[in-house]
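# Give me coordinates for this.
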Amino acid sequence: MMMLFKIAFRNILRNRRRSFMTGSAVAAGAMAMLLFGGFTNNIFAGLETNNVQRIGHLTVFRSGYFLFGAGNPAAYGIDKYTEVMNVIEHDPVLAPMIKVITPTQSLVGIAGNFTSDVDASKTFLGVGLVPSNRNRMRQWDPYHTGAGSLPDTRLSDGDQSRGLIGFGLARILGLCGPLKLANCPLIPHTSASEGKGVPVNKDIAGLAKLDTANGANQPGRLPQIELLGATAGGAPNVVTLSVSGVDPQGAKELDDNYIAMPLGLAQQLVYGRGEHKVTGLVLQLNQTRDMPAVRTRLGTLFREHHYDLEVRDFGELTPFYGQVVALFSAIFLFIALVMGIIVLFAVVNTMTMNVMERTNEIGTIRAMGVLRRGIRSQFILEGWIIGAVGATTGAVIAILVGNLVNGAHVTWTPPGNSTAVPLRLAVLGQPALVIGAWIGLVLVATIAALLPASRAARLSVVDALRHV
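Predicted coordinates for the structure are as follows:
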């Protein structure tokens, strides 16, 4: 066998230029697949990290909320949610796998800014959360994407009146100046007579005056907006939110409607003086791979305690994640297919030329007693060596390029993000990708050599000897 390798290697070196060009095609294919695969893995890791930091791995809802609750979150609240949290937290199976469990409250309503120089209102989509748990969730970054952030002190467990709004909502409500936002145009001045056709603004302002001693912003204080919503009983309710900053969202539709506030304030708006419930219980796990086991165990616990609850993962709650994964997976498969076809034809062409040039040699060794399978094995082995050397070279270059890019500290804004993160090509950290690409290209090169090798093995000894 060792002799067969030596002969095959020497035959490859007989025409160095041709072998070099074919090996280069294989190397280029390996580089393209690995670099794009590393880029794709970075996108997947970034999207997963962004979603898990925001909404956790799994969310527990009251049955039916996922399909119908968005229009009326109050009607699908989880009562006695602290009891449910205690059951989950103290379960011996779940406890080692859970990093954070926190309640959240979704709400919808109208936000208004009614200062002396602004009279603006906008429907909003809000979320009530526990600020300390939010900060803990934002530290989840097992893939080292650089998306982990420092604690956000603009929200505090001790101050239930402060909240964050989307950058677009701040612009719409005329808070660019009070919040000192860069690249945020001021709202055009509107005279009092032009605003008389919007009675809802007067209604909100009137309710706000009943809820607060002074509905206008005072100098030296955070800008304030009024939030109008309907309680679980259907009565209108208004609370005042002190805006401590903006939290830009990745999608404009969400950025123009987003408000985050402490859980207590959200419950006050939605439930008033009634029983305070929550929309969901968010579970952030230590590892994503534990999601199926945790979901199964949660279902068992809910059945044992007769809880009318259901569990959804972050992929179900954010369809955009699945769409991006499917899109880039399809692009990667397309690139791999194109590279495979290029390698296939390059190797077929090279091996066909080798067979034509060595016809007399094939006839001679066949006359000396070498069997057809020996001829076939020799040419197949040559194709395998070209593929192996080319794929190895391409993998090494791809790893070096990936390390250079990772060390260059280049930043970009991936899909679904509102802030820039480091651009990383996760090549070296993906052994399955490297091994899979190497095996795939070597297999293509070997298969490509099969047809010329079979043709060489079928040559007639007499015809091969008299070939000119």
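# which non-adjacent residue is nearest residue 32?
Nearest non-adjacent residue to residue 32, counting by CB to CB, 6 or more residues apart in numbering: residue 339, 5.5 Å away. For the C-beta atoms, the positions are set from N, CA and C on the backbone; glycine is no exception.
# how about the strands in the protein?
58-62, 98-113, 120-129, 162-165, 224-230, 236-246, 258-262, 280-285, 309-313, 411-412, 421-422 (DSSP state E).
# Ok, which of those strands comes nearest residue 296?
Between residue 296 and the strands of the chain, the shortest separation by CB to CB is 9.3 Å, and it involves strand 309-313.
# which strands and helices sit next to the closest one?
Counting by 3 or more CB pairs under 8 Å, 6 or more residues apart in numbering; DSSP states H and E, the packing neighbours recorded for strand 309-313 are strand 58-62, helix 65-68, helix 291-305.
# just for this structure, where's the confidence low?
Regions of the chain meeting the criterion pLDDT under 70 cover residues 1, 116, 147-149, 189-220, 415-416, 418, 464, 466-468.
# how's it carved up into domains?
Domain assignment for the chain, taken from automatic domain parsing, gives 2-48+322-465, 64-307.
# Mean neighbour count and distance to residue 316 for these - can I get that in TSV?
Conversion of those to TSV gives the following (neighbours: other CB atoms under 10 Å; distance: least, CB to CB, whole Å):
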stretch	mean neighbour count	distance to residue 316
domain 2-48+322-465	18	9
domain 64-307	17	7
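# Let me have those in a markdown table, adding distance to residue 55 as columns.
What follows is those, written out as a markdown table (distance: least, CB to CB, whole Å):
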| stretch | distance to residue 55 |
| --- | --- |
| domain 2-48+322-465 | 11 |
| domain 64-307 | 6 |
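# and of those, who's closest to residue 56?
domain 64-307 (4.0 Å).
# How far away from the center of its chain is the closest one?
Relative to the centre of its chain, domain 64-307 is centred 23 Å away, using CA atoms, centre = their mean, to the nearest Å.
# tell me how far the ends of that domain are from each other?
End-to-end span of domain 64-307 (CA to CA, to the nearest Å): 13 Å.
# just stretch 230-250 next, same as before
With CA to CA as the measure, the first residue of stretch 230-250 is 28 Å from its last.
# about what we covered before: distance to residue 110 added to the helices and strands packed on strand 309-313, as JSON lines?
Shown next, in JSON lines, are the helices and strands packed on strand 309-313 (distance: least, CB to CB, whole Å):
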{"stretch": "strand 58-62", "distance to residue 110": "25"}
{"stretch": "helix 65-68", "distance to residue 110": "22"}
{"stretch": "helix 291-305", "distance to residue 110": "35"}
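# Quick one, which of the strands of the chain gets closest to residue 331.
Residue 331 lies closest, by CB to CB, to one member of those: strand 411-412, at 17.0 Å.
# Bridged to the closest residue to residue 259 other than its chain neighbours, which residues?
Distances taken as CB to CB, 6+ apart place residue 126 nearest to residue 259, at 4.1 Å, with adjacent residues excluded. For residue 126, the beta-bridge partners under DSSP bridges are residue 107, residue 259.
# gap between residue 126 and residue 272?
Using CB to CB, to the nearest Å, one gets 16 Å for the distance from residue 126 to residue 272.
# what's the answer for residue 444, then?
Applying CB to CB, one obtains 67 Å for the distance of residue 444 from residue 272.
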